[in-house]
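> Coordinates for the following, if possible.
(one chain, ligands or ions: 1)
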Amino acid sequence: MLIGVPRECAAGETRVAVTPETVKKLKAQGHTLCIARGAGLAASITDEAFAAAGAELGEQAQALAAPLVLKVRAPEPEELPLMQRGSALVGMLNPFDRPGLERLAAAGLTAFALEAAPRTTRAQSMDVLSSQANIAGYKAVMIAADKYQRFFPMLMTAAGTVKAARVVILGVGVAGLQAIATAKRLGAVIEASDVRPSVKEQVESLGAKFIDVPYETAEEREAAEGVGGYARPMPPSWLERQKVEVAKRVAQADVVITTALIPGRAAPVLVSEDMVRSMKPGSVIVDLAAPAGGNCPLTEPGRTVLKHGVTLVGETNLPALVAADASALYARNVLDFLKLVLPKEGGLQVPMDDDIVAAVLVCREGQVLRS
Ligand code: NAD
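Have a look, this model is predicted:
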């Protein structure tokens, strides 16, 4: 099958949906790849490297016109008219963006949004949320260490002792766990909070302290269990008690990294303006929830700002700042997903009895398949 890989056009997007490694594997399965010239450059993959792996280099329009198009982000308005009705699209298409999905459906595309894959063992190798959140958690700590004007580790030197940085991590999913692991490697003292009870053990196993906010009612306990591994909004009673505990830690923190998300909803506010005011000058907040409105109301998505003496980083695409590895992991996720819809013989198939395919298929025959 002819597979097209266009250059990503979204502002700030540096990733690419295939790498020479996955191109070779797709070629070995009998597919032909048309990659737009320059598609990999921002991820340090040259056209020559793609050609050496067996891809054909073409124009952006040729890549978009293929019967199967692999992308990182949903097509921009100028790209859609270049795609063929009836063709298939695989990417991170934002399954909660209803108008965006309607545009894909209106263009007659069969669209697979990989973020909608279930969080199951079988789907792990194609879990784009995890592969990219892992990178975001790492990069958040790197940025915090860069902006923070002191050391992370404790140092005992002839010129005196330097205290270890105190890092607070709010939201301990994939990104939060990686942020803990990375900050720990740099020698910080870490405390972390999450609504889900299963997280406590994971936090402690990484050498951080869990900010315990015990559940007091059955309603709180039930909400905390979440659904499908994801968090649900917690009752206000629990959030109030969490706020008190978090406020104490934030006031003493040097760095706060927030990653709390509830799928399809605005991010919960966990660090209020008063809490920011209580922080020491020179402290840093990196708000990974910035694309969903932020865990701090002072966050400005896409910008780094100084408020009440605190640097607030609202970067909205951290994986794009680690473009080479983010692309490598994403491309492997895509390759693994393609095994479900591209059998060895014949063209694309859509086996709806496969729970992963059924979950990620968001548009087909002009219809949006999400409620
Ligand atoms: P996410 O990005 O949706 O959310 C980040 C974290 O924010 C979550 O841990 C969530 O509980 C937390 N959160 C939400 N509201 C909060 C609040 N008010 N205060 C503090 N924390 C809050 O999460 P994710 O990284 O996508 O992970 C979601 C779940 O999926 C996790 O349980 C993870 O272990 C699980 N997972 C399973 C698999 C698998 O089984 N294959 C793969 C990846 C992730």
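> Can you list the neighbours in contact with the one helix or strand in the chain whose mean pLDDT sits lowest?
Here the helix or strand of the chain ranked lowest by mean pLDDT, DSSP states H and E is helix 218-225, holding a mean of 88. The contact list for helix 218-225 (Cβ atoms under 8 Å, 6 or more residues apart in numbering) reads 195-197, 215, 232-235, 237-238. To be clear about C-beta, it is placed using only N, CA and C from the backbone, and glycine gets the same treatment.
> what about residue 190, which helix or strand?
Assigned by DSSP states H and E, residue 190 belongs to strand 189-193.
> Kindly reformat the contacts of helix 218-225 as JSON lines and extend each row with secondary structure and pLDDT.
Formatted as JSON lines, these follow (DSSP: H, G, I helix; E, B strand; the rest coil; pLDDT from 0 to 100):
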{"residue": "195", "secondary structure": "coil", "pLDDT": "92"}
{"residue": "196", "secondary structure": "coil", "pLDDT": "89"}
{"residue": "197", "secondary structure": "coil", "pLDDT": "85"}
{"residue": "215", "secondary structure": "coil", "pLDDT": "91"}
{"residue": "232", "secondary structure": "coil", "pLDDT": "84"}
{"residue": "233", "secondary structure": "coil", "pLDDT": "86"}
{"residue": "234", "secondary structure": "coil", "pLDDT": "89"}
{"residue": "235", "secondary structure": "coil", "pLDDT": "92"}
{"residue": "237", "secondary structure": "helix", "pLDDT": "92"}
{"residue": "238", "secondary structure": "helix", "pLDDT": "93"}
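> Which pair in those has the greatest spatial separation?
Within these, 196 and 237 form the most distant pair, 17.1 Å apart (Cβ to Cβ).
> can the least confident helix or strand of the chain be found next to the ligand?
No: Helix 218-225 does not reach the ligand (Cβ under 6 Å from any ligand atom); its nearest approach is 8.5 Å.
> Grab the CA positions of that helix and hand them over as CSV.
The C-alpha coordinates for helix 218-225 follow below in CSV (Å, rounded to 0.1, in the frame of the first residue of the first chain):
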residue,chain,number,x,y,z
ALA,A,218,-17.7,6.2,50.1
GLU,A,219,-18.4,8.9,47.4
GLU,A,220,-14.8,10.2,47.7
ARG,A,221,-13.4,6.7,47.6
GLU,A,222,-15.5,5.7,44.6
ALA,A,223,-14.6,8.9,42.6
ALA,A,224,-10.9,8.3,43.4
GLU,A,225,-10.9,4.9,41.7
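> quick check, distance from it to the centre of its chain.
How far helix 218-225 lies from its chain's middle: 26 Å, per Cα atoms, centre = their mean, to the nearest Å.
> Quick one: name the residues of the stretch 251-371 of the chain near the ligand.
Residues of the stretch 251-371 of the chain found near the ligand (Cβ under 6 Å from any ligand atom) are 259-263, 268, 270.
> Which of those sits closest to residue 292?
Taking those together and measuring to residue 292 by Cβ to Cβ, the closest member is residue 261, at 5.8 Å.
> Would you agree residue 3 falls within a strand?
Yes: Residue 3: assigned to a strand according to DSSP: H, G, I helix; E, B strand; the rest coil.
> Which residue, other than its chain neighbours, is closest to residue 168?
Closest residue to residue 168 apart from its sequence neighbours, by Cβ to Cβ, 6 or more residues apart in numbering: residue 253 at 4.4 Å.
> now swap in residue 72 and tell me
Excluding its sequence neighbours, the residue lying closest to residue 72 (Cβ to Cβ, 6+ apart) is residue 15, at 4.6 Å.
> which stretch of helix or strand covers that neighbour?
For residue 15, there is no helix or strand it lies in under DSSP H and E.
> Is it in contact with residue 329, as I believe?
No: with contact defined as Cβ atoms under 8 Å, residue 15 does not count as touching residue 329 (9.6 Å).
> between the two, who's got more neighbours?
residue 15 (28 against 20; other Cβ atoms under 10 Å).
> Residue 196 and residue 237: who's more crowded?
Using other Cβ under 10 Å as the criterion, residue 196 and residue 237 rank with residue 196 on top: 17 against 13.
> ok, now which ones touch the more buried one?
224-226, 231.
> Give me the buried subset of the residues you listed.
Among the contacts of residue 196, those buried by neighbour count (16 or more other Cβ atoms under 10 Å) are 224, 226, 231.
> The last one contacts residue 259, doesn't it?
So the one you mean is residue 231. No: assessed by Cβ under 8 Å, residue 231 is found out of contact with residue 259, at 11.0 Å.
> what residues does the stretch 1-150 of the chain put near the ligand?
119-121, 124, 127, 129-130, 133.
> For the stretch 151-300 of the chain, which segments are assigned as helices?
174-185, 199-205, 218-225, 236-252, 273-278 (DSSP state H, counting those that start in this stretch).
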